[in-house]
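*Asks:* Provide a 3D model corresponding to the input given below.
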Amino acid sequence: MTTDARTGSPEVIVLQARSHTERAILRRWAAEHHPGAPVVPIGDGPEAPAALGEALHGDGTVVVPARVAWVTPEVGDPGAIGKLRGLVTTAVMRMAWSPLHPALARHRPDSARVAVGEPATVADLMSRFVAQENGRRGSDGFARFVARQAVLACDRAERRILGDRYKVPRRMVEQITSATRFSELVARLATRTGRPAPDVAEQLEDCLHEMAAVQSPPAIDVFRAIMGPMHAKAWDVQVDEAGLERLRELNRDHALVFLPSHRSYADPLLLAEVLHERNFPRNHVLGGNNLSFWPMGALGRRAGIVFIRRSFGGDAVYKAAIQEYLGHLLAKRFNLEWYIEGGRSRTGKLRRPRVGLLHYLVAAMEDRPGLDAILVPVSIAYDQLHEVGAMAAEQRGGEKKAEGLGWLYHYFREQSRHIGTAQVRIAEPVSLRDALAEAGDGSAQLEKVAFRVCAGINAVTPATATSLVTFALLSARDRALTLQQVREVVAPLADHLEARDVPVPIAELRTRHGLRMTLDRLADAGVVTVFEGGTEPVFTIGSGRHHVAAFYRNGTLHHLLNRALLEVALLRIGDARDDEDLLDLGWRELSRLRDLLKFEFFFSTRREFRGEILRELDLVDPDWRQRNARPADVRASLRQAPLLVAPGVLRSFLDAQLVVADRLAALGDRPLPEEKEFLDDCLGVGRQMLMQHRLDRPDSVSRELYATALRQAENRDLVADGDGVPLTEKRGFWLAEVTAVIDDLGRLGDLQRARLEVVLGTGDDEPPPARALPAAQEREEGDRGVAS
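*Replies:* Predicted structure coming up:
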């Protein structure tokens, strides 16, 4: 037996070979670098060979682990991997299919490199074994433990060659079930459920096997090769590089928990590719098992997807498995990812967060006092989505199509057409422990943390050209606009957002060519209709496409929300008496509106909200602080404001509340029927009210908006008796409140339409008086002479 050159201790070489070719390469390496040392091959399975146990004698014996790492063109050139050929080549080179390796070794001998893990003495390994698994010297489990440690050491060595993107878990379930924590957990569950401990242990291990991702570099590459077409052709991707660099530093010491917005099936694929290209380790993506159909399920689990049952009720063992698995991933610094909305947005804006997985993560962290996680809010925003039409149909009452091979085929086919840009932006990351402390104790703690994440997503979500153009066309209420008229409606929106430091796409909005391209893309998707049989082209929302247009519009509404609320409050102030305290009245109205819309939008804390409103007021009337305003002055400020957004921002959501409030009032004191039946009734009555022009816009007839309005009703105790006040009285009060706000929006709409008439009456030959252009616009327009 040879000895370690540094310590003079005897050595044992542990080789993880996945083919005959790899075994030959490793034996040649061992003979050259460690001549005479015993060589013990191990496999990928949990069993350790008997020879390993026999070789582990003497505390000073040094164990040296090694494996072959196949280096591909991807290393040092991540961009080349974007092509399907590169992905397939990478996958083939990493596959442990022995017939392939001889040819690879012959034709590319430089691609096979030996990754040598950090050596460790038998004494060091025994200390770890006793500490982590409560093992005993001389037990059979020690050889299995050493084999696992060898695999992990080889993983780390291989990452130094291939990069962090191939940091993958090994034998996770075995690590969890062999730890001391597992037996303690089984004992607690057995006591709680009254079942025999062996039965609980078996079920717990089965649950872990069911959910645990078993990542491997070859599977990751194959998954990327197969799923790449689902996003690679559809969008050009713009990435917040500075935000990712901040995360890279944090990831050195903490696990990252990515919490992206969710608008498309492609979200996890696109984000995974962004992170892969920048050498981040692959996330463990937690998703519903509705997508675990073959072949997605089998391949997805090997590429990092953790399929979780969509419903597991009171199954204490399954819940414990989730908590233990998440805790183990955090402890090993594997990054996580899930979609806090619980599903894709059907309306284009963030849904209310679901805190179930956050609850298990916090419980796992509290069970490990030294552990923390970094929450990473991520915005993924698209110019357009192929799937938005199907989601819009669901809101009108259609059934969601089940996922399967047929669905996957049609989705692939749709994704082959380019439809613009996808933007990935990273909000300010936050320590989960810090967020919990700032949220304070109480039942709403996790909800506050989740709202903080959603507010972060909204803050970095960009205003896209698609969202502003659809806002303008929907505000025109089915009147067709010329290109110049679209520009005139969009310009004050862009001005306002730029004044609030919200990035807007200048080229797409400030130039005729860019704006026409945006409209043409919407026309290609059937969202916009273009009529070119007159003197010039005119544009309008296509028949039956208002829900789709509203989906795109809604992606920017959170940036305009405070402005909309302020406009309604100012309208109420304008109606006040001269002797009233106008500021106090304004804050009361704003508080009432916040409460009315708190299930639709994410608001800042009341203190932050007050500051945001004051900044909006500075934009409406920069001189308001220098004078004692009277109601007449406030009315004049509204008339002179460069834009009014309240009808376009709020009307759809208030119309939906109107329908739900009307149907509840019709019930009198009777309790709510089954929810699906009630929502179906709302859809029918909503269509009727739209046809009668009692509702303002078609996109308010929406199952999702009705469901959210129903949550508002539940929060106000309007669904069932609870506080002794007759339901008829409470329901009638809510209906009157919603009706009053809709009346206010109608008055603001009249002002808005009067301003729009000026725009609609202006042709290209007679532009309205030009306003001062922002510097960015002056640079963009140059000498085009375009009025803004």
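*Asks:* what are the phi and psi values at Arg703?
*Replies:* The phi/psi pair for Arg703 (degrees, to the nearest 10) reads phi -60, psi -40.
*Asks:* quick check: it touching Asp681?
*Replies:* No - between Arg703 and Asp681 there is no contact under Cβ atoms under 8 Å: 11.5 Å. All C-beta atoms are positioned from the backbone trio N, CA, C, and that covers glycine.
*Asks:* neighbouring contacts of stretch 592-602?
*Replies:* 349-350, 352, 451, 454-455, 458, 557-558, 561, 565, 568-569, 603, 609, 650, 653-654, 657, 708-709, 711-712, 715, 737-738, 741 (Cβ atoms under 8 Å, 6 or more residues apart in numbering).
*Asks:* residues of that stretch that come out buried?
*Replies:* Arg592, Leu593, Arg594, Leu596, Leu597, Phe599, Glu600, Phe601, Phe602 (16 or more other Cβ atoms under 10 Å).
*Asks:* could I get those residues as TSV with secondary structure?
*Replies:* Below are those laid out as TSV (DSSP: H, G, I helix; E, B strand; the rest coil):
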residue	secondary structure
Arg592	helix
Leu593	helix
Arg594	helix
Leu596	helix
Leu597	helix
Phe599	coil
Glu600	coil
Phe601	coil
Phe602	coil
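*Asks:* between those, which is closest to Leu357?
*Replies:* Leu357 lies nearest to Phe602 out of the buried residues of stretch 592-602, by Cβ to Cβ, at 18.8 Å.
*Asks:* which residues of the stretch 651-788 of the chain fall in helices?
*Replies:* 675-691, 703-715, 727-760, 775-781 (DSSP state H, counting those that start in this stretch).
*Asks:* winner for burial among those?
*Replies:* helix 703-715 (a mean of 20; mean count of other Cβ atoms under 10 Å).
*Asks:* quick check: mean pLDDT of it?
*Replies:* For helix 703-715, the mean pLDDT works out to 95.
*Asks:* the inter-axis angle of it versus helix 675-691?
*Replies:* Helix 703-715 and helix 675-691 are oriented at 110 degrees to each other (axes from the mean of the first three to the mean of the last three Cα atoms, to 10 degrees).
*Asks:* just checking, what packs against helix 703-715?
*Replies:* helix 388-395, helix 646-666, helix 675-691 (3 or more Cβ pairs under 8 Å, 6 or more residues apart in numbering; DSSP states H and E).
*Asks:* redo that, cut-off 10 Å
*Replies:* helix 388-395, helix 582-597, helix 646-666, helix 675-691, helix 727-760 (3 or more Cβ pairs under 10 Å, 6 or more residues apart in numbering; DSSP states H and E).
*Asks:* tabulate the ones you listed (CSV), appending distance to Asp621 and mean pLDDT.
*Replies:* Formatted as CSV, these follow (distance: least, Cβ to Cβ, whole Å; pLDDT from 0 to 100):
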stretch, distance to Asp621, mean pLDDT
helix 388-395, 38, 82
helix 582-597, 13, 94
helix 646-666, 16, 97
helix 675-691, 36, 96
helix 727-760, 16, 90
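*Asks:* between these, which one is nearest to Ala472?
*Replies:* Short answer: helix 646-666, nearest of the helices and strands packed on helix 703-715 by Cβ to Cβ, at 8.6 Å.
*Asks:* can you give me how far the closest one is from the chain middle?
*Replies:* Here helix 646-666 is found 28 Å from its chain centre; the criterion is Cα atoms, centre = their mean, to the nearest Å.
*Asks:* give the buried residues for it.
*Replies:* Buried residues in helix 646-666 (16+ other Cβ under 10 Å): 646-665.
*Asks:* just list the residues touching the most centrally placed residue in the chain, thanks.
*Replies:* For the chain, the residue sitting closest to the mean C-alpha position, by Cα atoms, centre = their mean, is Pro260 at 1.9 Å. Pro260 makes contacts with 267-268, 270-271, 337-341, 376-380, 424, 426, 457, as judged by Cβ atoms under 10 Å, 6 or more residues apart in numbering.
*Asks:* just the ones of those in helices?
*Replies:* Asp267, Pro268, Leu270, Leu271, Ile457 (DSSP state H).
*Asks:* the nearest residue to Glu704 once chain neighbours are set aside: neighbour count?
*Replies:* Nearest non-adjacent residue to Glu704, counting by Cβ to Cβ, 6 or more residues apart in numbering: Arg346, 4.6 Å away. Residues near Arg346, counting by other Cβ atoms under 10 Å, number 23.
*Asks:* assumed Arg346 was part of a strand.
*Replies:* No - going by three-state DSSP, the assignment for Arg346 is coil, not a strand.
*Asks:* that one contacts Phe551, doesn't it?
*Replies:* Yes - with contact defined as Cβ atoms under 10 Å, Arg346 reaches Phe551; the gap is 7.9 Å.
*Asks:* intersection of neighbour lists for these two?
*Replies:* Common neighbours of Arg346 and Phe551 (Cβ under 10 Å, 6+ apart) are Arg263, Val388, Met391, Ala392, Gln395.
*Asks:* quick check: the second one vs Leu522, distance?
*Replies:* Here Val388 is placed at a distance of 11 Å from Leu522 (Cβ to Cβ, to the nearest Å).
*Asks:* identify the contacts common to the two.
*Replies:* Arg545, Val548, Ala549, Tyr552.
*Asks:* of these, which is the nearest to Gly304?
*Replies:* Out of the shared contacts of Val388 and Leu522, the member with the shortest distance to Gly304 (by Cβ to Cβ) is Tyr552, at 30.6 Å.
*Asks:* surely the closest one meets Ile419?
*Replies:* No - with contact defined as Cβ under 10 Å, Tyr552 does not reach Ile419; the gap is 11.5 Å.
*Asks:* more crowded one of the two?
*Replies:* Tyr552 (26 against 20).
*Asks:* in what helix or strand does the more buried one lie?
*Replies:* helix 546-554 (DSSP states H and E).
*Asks:* that helix relative to helix 703-715, how many degrees between them?
*Replies:* 70 degrees.
*Asks:* give the buried residues for stretch 231-238.
*Replies:* Those would be His231, Ala232, Ala234, Trp235, Val237, for stretch 231-238 by 16+ other Cβ under 10 Å.
*Asks:* shaky segments in the chain?
*Replies:* 1-8, 44-47, 72-99, 134-140, 166-170, 291, 294-295, 722-723, 759-788 (pLDDT under 70).
*Asks:* show me the domain layout of it.
*Replies:* 11-162, 215-457, 648-760 (automatic domain parsing).
*Asks:* that older thread, which neighbours do Tyr552 and Ile419 have in common?
*Replies:* With Cβ under 10 Å, 6+ apart, Tyr552 and Ile419 have common neighbours Tyr382, Asp383, Gln384, Leu385, Thr466, Leu522, Ala525.
*Asks:* to Val486, which of the domains of the chain lies closest?
*Replies:* domain 648-760 (9.4 Å).
*Asks:* and the helices in the stretch 301-450 of the chain?
*Replies:* 316-331, 356-366, 388-395, 405-414, 432-439, 445-460.
*Asks:* now the ones you listed as CSV including distance to Ala225 and mean neighbour count?
*Replies:* Below are these laid out as CSV (distance: least, Cβ to Cβ, whole Å; neighbours: other Cβ atoms under 10 Å):
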stretch, distance to Ala225, mean neighbour count
helix 316-331, 26, 22
helix 356-366, 29, 19
helix 388-395, 26, 20
helix 405-414, 13, 13
helix 432-439, 35, 16
helix 445-460, 30, 20
